[in-house]
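Peer 1: fold the following, please.
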Amino acid sequence: MDNIRGILEKFDIKGECKEYKVFGSGHINTTYIVTYSDGGEEVKYILQNVNTNVFSNIDELMENVFAVTSHLRKKIRENGGDPERETLHYIKTKSGEKYLRVGDKAYRAYRFVDKSKSYDRVDSPELFKKSALAFGRFQRYLSDFPAESLYVTIPNFHNTIWRYENEFLPAVMKDIKNRAKNCQAEIELINSRKNEFSYLTDMIENGALPLRVTHNDTKLNNVMFDEETDEAICVIDLDTVMPGLSLYDFGDSIRFGACTAAEDEKDTDKVKIDLDYFAAYANGFLSEAGDSLTDSERDNLAFASKLITLELAMRFLTDYLNGDTYFKTDYSKHNLVRAKAQLALALDMEKHMNEMEEIIRHY
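Peer 2: Numbers count the residues shown, from 1 in each chain. This is a model prediction of the structure:
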């Protein structure tokens, strides 16, 4: 095990380290919460051992993170907020580096968001709306940031047509685990929607949709809430921040948060789009981000929710056909069950697309 105190001494943190302990339940990075005493005041920091197998180019990742958080702090000050609580504040090393190399490992540090909490489950429209306010504000504050200046840390992450042509179709054709016979209906359903997969990327290419700074992991537990007021105060986990579409972030939030069942529900009759939750999120997101979005972005928010759902269904099915090499599974057909659930959700969205679009227009 690395000398954590020795590593902390390399960062430009004021005061004396009193204690540290492993923190959180993340599966990718190892995280420590660290308590310092600075002039009699107790200050907490987060130290992370970044998984360099998952994030192979730490230089680019940390360049993105520092650029985005610096811009956010400026915007938060301009709007009368508290930049120490409303965005992550990363700490450089004493030699001015954005992270610390220790052998083949990489460490970074940032201020802990004091008096905050997080939620793992969306259990009410009101809570879902609060998370939407945070992600909508994130979009608004970064709407004038030059997204093209960020590094693309995961190429083709939401390029749905690329995933279809370069991952899904080869997986079906090779069928290395002889599993295609178990999912012919799902394969045919995905093939029947292939003309929709390039719709948003075509709009990017012809200039109809602007590149934005996107978070790309807009799940509920990446929003910190105030312990006392329960208001959303800060968006965290910026490792997947890169150029993309605001539609992707909105759509992925809807996919997981406005569904009536779990992502791996076996009974697809239970899998529906909850329009009350959809409306709550749309209300929150558009009340913060609405004026910073173009008409073409607003017009495609509902469609993007379905597209992202189809994309994940395709990714689950691709992994099932390839022998479950990407997503962690609990049983042999887990990825197939996930794919079926996502396809059921996408089909229900299709049935309610007019209502979803009307909700967007309303807000």
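
Peer 1: what bridges to Ile273?
Peer 2: Cys259 (DSSP bridges).

Peer 1: give me the number of residues near it?
Peer 2: Neighbour count of Ile273, defined by other C-beta atoms under 10 Å: 26. Yep, even glycine has a C-beta here, placed from its N, CA and C like the rest.

Peer 1: residues in contact with it?
Peer 2: Going by C-beta atoms under 8 Å, 6 or more residues apart in numbering, Ile273 touches Ile254, Ala258, Cys259, Thr260, Leu345, Asp348, Met349, His352, Met356.

Peer 1: and the residue lying closest to the fourth one once chain neighbours are set aside, what does it touch?
Peer 2: This points to Thr260. Once flanking residues are discounted, Thr260 sits nearest to Lys272: 4.4 Å by C-beta to C-beta, 6 or more residues apart in numbering. Residues in contact with Lys272 (C-beta under 8 Å, 6+ apart) are Cys259, Thr260, Ala261, Leu345, Asp348.

Peer 1: follow-up on the earlier one: which of the contacts of Ile273 sit farthest apart?
Peer 2: With C-beta to C-beta as the measure, no two of the contacts of Ile273 lie farther apart than Thr260 and Met356, at 14.6 Å.

Peer 1: which residues in the stretch 1-150 of the chain form helices?
Peer 2: 4-8, 58-78, 83-86, 125-141 (DSSP state H, counting those that start in this stretch).

Peer 1: wait, Asp324 sits on Asn335?
Peer 2: Yes - Asp324 lies in contact with Asn335 (C-beta atoms under 8 Å); the separation is 5.7 Å.

Peer 1: quick check: Arg108 vs Lys98, distance?
Peer 2: To Lys98, Arg108 is 7 Å away according to C-beta to C-beta, to the nearest Å.

Peer 1: still on that earlier bit, between the helices of the stretch 1-150 of the chain, which one is nearest to Tyr45?
Peer 2: That would be, of these and by C-beta to C-beta, helix 4-8, which comes in at 8.1 Å.

Peer 1: ok, and what's touching stretch 105-117?
Peer 2: For stretch 105-117, contacts defined as C-beta under 8 Å, 6+ apart pick out 2, 7-8, 11, 13, 33-34, 43-50, 52, 58, 62, 84-85, 88-91, 98-100, 224-228, 233-234, 236.

Peer 1: tell me where the chain has strands.
Peer 2: 16-22, 30-38, 41-50, 90-91, 100-102, 105-111, 116-117, 212-214, 223-226, 232-235, 242-244 (DSSP state E).

Peer 1: the most centrally placed residue in the chain - nearest residue in space that isn't next to it in sequence?
Peer 2: Note on the chain: the residue nearest the mean C-alpha position is Asp217, at 0.6 Å, using C-alpha atoms, centre = their mean. Residue nearest to Asp217 in three dimensions, not counting chain neighbours: Thr240, with 5.1 Å by C-beta to C-beta, 6+ apart.

Peer 1: quick check: the one you found touching Tyr151?
Peer 2: No - using C-beta under 8 Å, Thr240 is not in contact with Tyr151, being 11.5 Å away.

Peer 1: tell me which of Asp324 and Asn335 has more neighbours.
Peer 2: Using other C-beta under 10 Å, the more surrounded residue of Asp324 and Asn335 is Asn335, with 26 against 19.

Peer 1: that one against Asp319, yeah?
Peer 2: Yes - taking contacts as C-beta under 8 Å, Asn335 lies within contact range of Asp319: 4.9 Å.

Peer 1: find residues that contact each of these two.
Peer 2: Common contact partners of Asn335 and Asp319 (C-beta under 8 Å, 6+ apart): Phe327.

Peer 1: so Asp120 makes contact with Val223?
Peer 2: No - the pair Asp120 / Val223 is not scored as a contact, 11.2 Å apart, by C-beta under 8 Å.

Peer 1: neighbour count winner among those two?
Peer 2: Using other C-beta under 10 Å, the more surrounded residue of Asp120 and Val223 is Val223, with 24 against 9.

Peer 1: residues near Arg315, how many?
Peer 2: 20.

Peer 1: okay, it: pLDDT?
Peer 2: We note a pLDDT of 97 for Arg315 in this prediction.

Peer 1: low-confidence regions, this protein specifically.
Peer 2: Residue ranges of the chain with pLDDT under 70: 1, 25-27.

Peer 1: still on that earlier bit, tell me which of the strands of the chain sits nearest to Ala289.
Peer 2: Nearest of the strands of the chain to Ala289, taken as C-beta to C-beta: strand 212-214 at 9.7 Å.

Peer 1: that's all I had, so thanks and see you.
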